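Asker: Sequence first, predicted model second:
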Amino acid sequence: MNRIGLGYDIHRLEPGSGIVLAGVQVPCEYRLVAHSDGDVVLHALCDALLGATGQGDLGEHFPDTDARHRGRDSTWFVEQVLAMPALKPWRIENLDVNIIAQAPRLMDAKPAMRERLCDLFHLTVGRVGLKARTNEGMDAVGAKLAIQCHAVVLLAERK
C-alpha cells in the first residue's frame with residue numbers, strides 16, 4: 001500500500017541578510033517573514049508527510065501562536081514529524097519539491113539544498129527531486145514579495 005501527501009507553504013519576503021531553504025542558509029538581500037525561520041521547503045514537506053498519514057497540518061501541531069516556536073530552526077519540525085507514531089508504519093519512497101521564487105536566484109544553492117534534504121529525510125539523491133523556478137513576474141512571488149513551495153511525498157508501507 002502507498003500513500004501520497006501534498007504540501008504547500010508561502011512566506012513574505014522583505015529586505016534582509018539571507019533566507020533558509022531546505023535547511024540551507026541562502027545568502028541574499030532578503031529575509032523571510034515568519035514565526036519560525038520561514039523555511040517554506042521544510043514546512044511544505046512536513047505538511048505533505050502529515051497529510052499522507054491523516055495527521056492534519058503543521059500549524060495544528062506547532063501553531064505560530066506558540067512562543068516556543070518563535071525563530072525555531074525548521075529542521076526541528078522535520079524531526080518531530082518524522083518521529084510521530086503515525087509515520088512509523090511508513091517509509092518515504094521519494095519526495096519532490098518545487099520552489100517558486102522570483103528572487104533570490106537559487107541555481108547555486110540547489111545542490112546543497114538537495115543534499116540537506118537527503119540527510120534530513122534519510123534518502124538517496126535519486127529519491128529527492130528539487131526544482132526552482134520563477135513566477136515570470138506575476139503575483140506576489142513574481143513581484144519579489146514572497147516565496148512559495150509545493151511538495152509531494154510518496155510513502156510505502158513498511159514490510
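Answerer: Perfect, I can see it now.
Asker: Find the least confident helix or strand in this structure, judged by mean pLDDT.
Answerer: helix 58-61 (a mean of 88; mean pLDDT, DSSP states H and E).
Asker: Which elements pack onto that helix?
Answerer: Contact partners of helix 58-61 among helices and strands, from 3 or more Cβ pairs under 8 Å, 6 or more residues apart in numbering; DSSP states H and E: helix 40-52, helix 74-82. Every C-beta, even on glycine, is put in place using the N, C-alpha and C of the backbone.
Asker: Quick check: buried residues in it?
Answerer: residue 58 (16 or more other Cβ atoms under 10 Å).
Asker: So what touches that helix?
Answerer: 43, 46-47, 50, 55, 77, 80-81 (Cβ atoms under 8 Å, 6 or more residues apart in numbering).
Asker: Filter the residues you listed down to the buried ones.
Answerer: Here, 16+ other Cβ under 10 Å leaves 43, 46-47, 50, 55, 77, 81 buried among the contacts of helix 58-61.
Asker: which of these sit farthest apart?
Answerer: 43 and 55 (14.6 Å; Cβ to Cβ).
Asker: what angle sits between the strand of greatest length in the chain and helix 74-82?
Answerer: Within the chain, and with DSSP state E defining each element, the longest strand by residue count is strand 2-15. In terms of direction (axes from the mean of the first three to the mean of the last three Cα atoms, to 10 degrees), strand 2-15 departs from helix 74-82 by 160 degrees.
Asker: what lines up beside strand 2-15 in the sheet?
Answerer: Within its sheet, strand 2-15 is paired with strand 30-33 (antiparallel), strand 146-157 (antiparallel), according to DSSP bridges.
Asker: Buried residues, the shortest one. List them.
Answerer: When burial is assessed from 16+ other Cβ under 10 Å, strand 30-33 yields the following buried residues: 30-32.
Asker: now swap in stretch 130-148 and tell me
Answerer: Neighbour-count burial for stretch 130-148, counted by 16+ other Cβ under 10 Å, picks out 130, 132, 135, 141-142, 144, 146-148.
Asker: for the record, mean pLDDT for that stretch?
Answerer: Regarding stretch 130-148, the rounded mean pLDDT is 96.
Asker: go on, stretch 66-77?
Answerer: Stretch 66-77 comes out at a mean pLDDT of 87.
Asker: can you list contacts of that stretch?
Answerer: For stretch 66-77, using Cβ under 8 Å, 6+ apart, the contacting residues are 20, 23, 35-39, 42-43, 46, 58, 62-63, 120.
Asker: okay, those in CSV with distance to residue 108 next?
Answerer: Output for the contacts of stretch 66-77, formatted as CSV (distance: Cβ to Cβ, whole Å):
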residue, distance to residue 108
20, 15
23, 16
35, 28
36, 24
37, 20
38, 20
39, 18
42, 20
43, 22
46, 25
58, 28
62, 31
63, 34
120, 20
